[in-house]
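J.: quick one, what's the 3D model for this:
(2 chains)
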Amino acid sequence: MKKHYPLFLSLLFCAFLGSMAAANALTPDRAFSELENRALAQRPALSWKAVGSGEFMKDYERYITDQFAGRDGWTAAKAYLERAAGKRENNGVYFCDGSTLITRFEEPDQKRLTNNFNYVNQFVEKSPVPVTFALIPTQASIWAERLPEGAPNYDQRLVLSQAAQSSTARFVDLYDALYDHKDEAIFYRTDHHWTSLGAYYGYVGLSGALGYEPAPLEQYTKTTVSTEFYGTVFSSSGVRWVEPDEMDIYVPEEGITVTSHTYDNKGNPVEEPRELYDRSYLEKKDKYSMFLGGQQPLGVVKTGNSDKPKLLLIRDSYSDSLVPFLTPHFSEIHLIDLRYYKLSPSQYISDNGIDQALVLYSVPNFVSDSNLLWISR
Amino acid sequence: MVFSSVFFLFTYLPIVLLAYYLAPLRWRNLVLLVLNLVFYGWGEPVYIVIMFASTAIDYTHGLLVDKCKKKGNDRGARGAVCSSVVFNLALLFFFKYWNFIAGSLGVLPIIQALPLPGGGSIPFTLPIGISFYTFQTMSYTIDVYRGDARAQKSILNFGTFVTLFPQLIAGPIIKYKDLGEQIDRRDHTAERFAAGVQVFVVGMAKKVLLANNLGMLWDDAYKALPTAELTTLGAWLGILAFSFQLYFDFSGYSDMAVGLGRMLGFEFAKNFDYPYISRSLTEFWRRWHISLGSWFREYLYIPLGGNRVSRPRLLLNLLLVWAATGIWHGASWNFLLWGLYYGVLLVAEKFFLGALLERCPRWLRHLYALFFIVVGWALFAIEDFSHLGPYLAAMFGFGGKGLTDGMFFYYLRSYFPMLAVAAVASTPLAKQLWDRLGEKPRMVLLPLLLLTGLLVCTCYLVDATYNPFLYFRF
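T.: Next up is the predicted model:
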């Protein structure tokens, strides 16, 4: 044994490299990672040009790493190792008390933030109807007490007070409305959105500005639609040890029609029916898209309450779970997503007889958004 | 291509080992040459041209020196050495320093008046490893001239020396006289291969687990922090993290080079010898990046007259050597400053501080050395002077926002285990314990440790592209 020991060590090393190389060659390539929610790099095409410029090599390294055999297991193991080494975060996500994952909120780019406030003010000026502006503080702010002690995290309230000072719209600060219920499940623990319950408190907070009498919570019947929701923060954290989230809905969908307006690849307008709750998404990873069927450039929700006003909602995805609560108070709710809708929202208001407008974003989305320019058109 | 990547470990290296060991002995240098060129061209294929040019020019210069010497034509031999040094320095100057010099002197109307495209700057990226391989090839003609090595007759063998991939891009800087004979003939034994595997895995663990991890504490946290947000202890924690990052990054890479060299039958000298246990800065430089220090000693300091000169001349020589050492690390003023910082401190140690230190207790000498090493790393790490000044001030309690804050304690708690491992790994303690283990337990433990190291490193390497797309729906 002693004589052959160096040979044994050498062969052990070579066997490790060889078996990994073989496993990589033998496992089929995946197109998409559900866990990371992105398309994985594919084998790059070999050409003289790509090799000459070095592009091929760069792409090939990405490809090899993305398609590594058992990739999800390796990345999960890395997260466990980080925790074992005493870390309280992985990939910018904090491991918090109570099986909760919270994305760090970085100090916003002040120039972009100021521009975004200005765009909203320009919209207020152009809009023929009153505009309400509200920002939703998220987990990193409302649940700041759950963060590891001393964890670097910018205070979202500073953004809210900036908004209150600079906005010419009716500004609604939702901080207290949410903070008063911070011990309830108002946010998902593994996703960046608010839950239906959180959206309900948002709905209550907005009632004064939008002019409706909110229904008491007891009036609704809560229905749990999923207990296996692992959201985006779960994906980005890489951790695998947290409990899944529960998804609830409160508002019945009877009598409500949803139409999504989009364009086909020739530029012709296309109408596509949607639902307030598209349960087919519950079978997928992206369960939050159950609300209104996920992203769309323009969506119109008709409620049958023809005596009620029409609302235009300049939205991010947080609005999708808020809309069900708003349905009793409006005849129509029009949802515009500025990432895809590049026409003038003010014109849209005039053309469609809208009675009031709401600009609603979560704080992290608002400070980083690069499409608010389109609101001022 | 870097060693610490999935592609290197599980694609390139298996191909290298397979091709190399399947080839018959006399073909191995050729196989290695081709693989070296693939390695070098992987990042920037056009720069393979530099490899060819370097090989051809230094090869002919070597033969020329040899021929002149044999004829007793010392002037001719000197001329050839000179010409090859000029070529190598020109290569280094052109790619590495031109933009820095043009930028620094750009205010001078002379450069502006010249009809140079792009305001006189060179639009190329720095060829990877150029500081290392130009120094290696320079050593060749000098060694041949000094009679320390024989001129290489085979251009293929010489090309293998110039392009040898294990130490091509990050050292150690191997002098031709130490490698020449191994290029011509070397043994491939299982003992050497197994020893190489061990050093390689240790080096990879140093780089991937310690350096990259502690690097986050520096790069993402303290280096990125606005200086007004710094606290005194926070600034020290940050620069301490950088000190470990740099050491484990660099020495880990050197270890991997030594290990890969052994797997291919080469024996390189070690490049680091526990530098952080030094008790003086003179000792530190005997332990830190040994191959660079010895290069400058043999090919610059001694030719300048070494220490057999007058005191003022010695002073000048030392400052010159340390300015060169500093600027070798990067084309930026802070590296020059860092080099001169050591120049001044080492002169002080040579003339009076050294004797004084001899009479101090050991712990004080350690403290002294570590203090100046760590402060030196601040000069090294922060290129922007407008950031460097406030950072240093914060370290000594000026500016910033007090002694500690919540963030400091958060990072201290998060990184304490890693810092503790790094501190122990900076000393020979683990090696001493390992040597004291009996042979039996060592034989059982070794394969387990190797496999664990490989598996854990693989987790981190695969995670390198873990980049979930978050804002797919806001």
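
J.: what secondary structure does the residue in chain A that chain B sits nearest to sit in?
T.: When scored by CB to the nearest CB, chain A has residue A:150 as its residue closest to chain B, at 3.2 Å. Using the backbone N, CA and C atoms, a C-beta is placed for each residue, glycine as well. Secondary structure for residue A:150, judged by DSSP: H, G, I helix; E, B strand; the rest coil, is coil.

J.: what's near enough to touch it?
T.: The contact partners of residue A:150, by CB atoms under 8 Å, 6 or more residues apart in numbering or on different chains, come to B:405, B:406, B:407, B:408, B:409, B:410, B:413.

J.: in space, what's closest to the fifth one - neighbours in sequence excluded?
T.: Translated: residue B:409. residue A:150 (5.0 Å; CB to CB, 6 or more residues apart in numbering or on different chains).

J.: returning to that earlier point: just the buried residues from the contacts of residue A:150, in ChimeraX please.
T.: Below is the selection syntax for ChimeraX that covers the buried ones among the contacts of residue A:150, with 16 or more other CB atoms under 10 Å in any protein chain shown defining burial:
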select /B:405,407,408,410
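
J.: out of the contacts of residue A:150, the closest to residue A:338 would be?
T.: Closest approach to residue A:338 among these (CB to CB): residue B:407, at 35.0 Å.

J.: thought the closest one was touching residue B:234?
T.: Yes: Residue B:407 sits in contact with residue B:234 when judged by CB atoms under 8 Å, with a separation of 6.8 Å.

J.: the worst-scoring helix or strand of chain A on mean pLDDT: what's the following helix or strand?
T.: Sorting the helices and strands of chain A by mean pLDDT, DSSP states H and E puts strand A:38-39 at the bottom, at a mean of 80. Beyond strand A:38-39 in the direction of the C-terminus, DSSP states H and E gives the next helix or strand as helix A:48-53.

J.: which other helices and strands does that following helix contact?
T.: Counting by 3 or more CB pairs under 8 Å, 6 or more residues apart in numbering or on different chains; DSSP states H and E, the packing neighbours recorded for helix A:48-53 are helix A:55-66.

J.: wait, does the helix it packs on contact chain B?
T.: Yes: counting by CB under 8 Å from any CB of the partner chain, chain B has neighbours in helix A:55-66: A:57, A:60, A:61, A:62, A:64, A:65, A:66.

J.: packing partners of that helix?
T.: Helix A:55-66 is packed against helix A:48-53, helix B:6-7, with contacts defined by 3+ CB pairs under 8 Å, 6+ apart.

J.: hey, which of those helices is tucked in deepest?
T.: helix B:6-7 (a mean of 20; mean count of other CB atoms under 10 Å in any protein chain shown).

J.: which outside residues touch that one?
T.: A:60, A:61, A:64, A:65, A:68, B:1, B:458, B:461, B:462, B:464.

J.: what do you get for stretch A:11-30?
T.: Contact with stretch A:11-30 is made by A:40, A:42-43, A:64, A:67-70, B:9-11, B:13-14, B:17, B:197, B:201, B:447, B:450-451, B:454, B:458, as judged by CB under 8 Å, 6+ apart.

J.: which of these fall in helices?
T.: Using DSSP state H, the members of those that fall in helices are A:64, B:13, B:14, B:17, B:197, B:201, B:447, B:450, B:451, B:454, B:458.

J.: nearest to residue A:217 among those residues?
T.: The shortest distance between residue A:217 and any of the ones in helices among the contacts of stretch A:11-30, using CB to CB, involves residue B:458 and amounts to 50.3 Å.

J.: how close does that closest one sit to residue A:19?
T.: 12 Å (CB to CB, to the nearest Å).

J.: pop the domain breakdown of the chain in here.
T.: Looking at chain A here, since you left the chain open. Per the record's domain assignment (automatic domain parsing), chain A is made up of the domains A:20-96, A:107-376.

J.: hmm, I had chain B in mind actually
T.: Each domain of chain B is listed here as a residue range: B:6-186, B:192-430, per automatic domain parsing.

J.: with distance to residue A:51 and mean pLDDT as added columns, please give these in a markdown table.
T.: Shown next, in a markdown table, are the domains of chain B (distance: least, CB to CB, whole Å; pLDDT from 0 to 100):
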| stretch | distance to residue A:51 | mean pLDDT |
| --- | --- | --- |
| domain B:6-186 | 6 | 86 |
| domain B:192-430 | 24 | 92 |
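
J.: nearest to residue A:252, of those?
T.: Residue A:252 lies closest to domain B:192-430 among the domains of chain B, at 45.8 Å (CB to CB).

J.: report the longest helix in the chain, please.
T.: You didn't say which chain, so I picked chain A. helix A:5-26.

J.: that's the wrong chain, I meant chain B
T.: Here the longest helix in chain B is taken by residue count, with DSSP H as the criterion, and it is helix B:232-263.

J.: where does the stretch 101-250 of chain A dip in pLDDT?
T.: Judged against pLDDT under 70, the stretch 101-250 of chain A has no low-scoring part.

J.: what's around the nearest residue to residue B:349 once chain neighbours are set aside, how many residues?
T.: Leaving aside its sequence neighbours, residue B:349 sits nearest to residue B:282 (CB to CB, 6+ apart; 5.2 Å). Residue B:282: 17 surrounding residues under other CB atoms under 10 Å in any protein chain shown.

J.: would you confirm that residue B:282 contacts residue B:354?
T.: Yes: when contacts are counted by CB under 8 Å, residue B:282 is listed as touching residue B:354 (6.7 Å).

J.: any idea how far stretch B:423-436 is from the chain center?
T.: With CA atoms, centre = their mean, to the nearest Å as the basis, the distance from the averaged C-alpha position of stretch B:423-436 to the chain average is 23 Å.

J.: cool, and stretch A:282-302?
T.: 12 Å.

J.: close to chain B, is that stretch?
T.: Yes: if you take CB under 8 Å from any CB as the test, stretch A:282-302 does meet chain B, through A:286, A:288, A:289, A:294, A:295.

J.: who wins on neighbours among those?
T.: Counting neighbours by other CB under 10 Å, residue A:288 leads the residues of stretch A:282-302 next to chain B with 23 neighbours.

J.: contacts only, for that one.
T.: So residue A:288 contacts A:191, A:193, A:229, A:231, A:247, A:281, A:294, A:317, A:320, A:321, B:473 (CB under 8 Å, 6+ apart).

J.: got any ranges where the stretch 251-377 of chain A has weak pLDDT?
T.: For the stretch 251-377 of chain A, applying pLDDT under 70 flags the ranges A:267.

J.: just to revisit the earlier point, distance to residue A:99 added to the domains of chain B, as TSV?
T.: As requested, the domains of chain B are exported to TSV (distance: least, CB to CB, whole Å):
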stretch	distance to residue A:99
domain B:6-186	32
domain B:192-430	20
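
J.: and of the helices and strands packed on helix A:55-66, who's closest to residue B:420?
T.: Between residue B:420 and those, the shortest separation by CB to CB is 28.8 Å, and it involves helix B:6-7.

J.: how about residue B:3: what's its closest non-neighbour residue?
T.: Nearest residue to residue B:3, sequence neighbours excluded (CB to CB, 6+ apart): residue B:256, at 4.7 Å.
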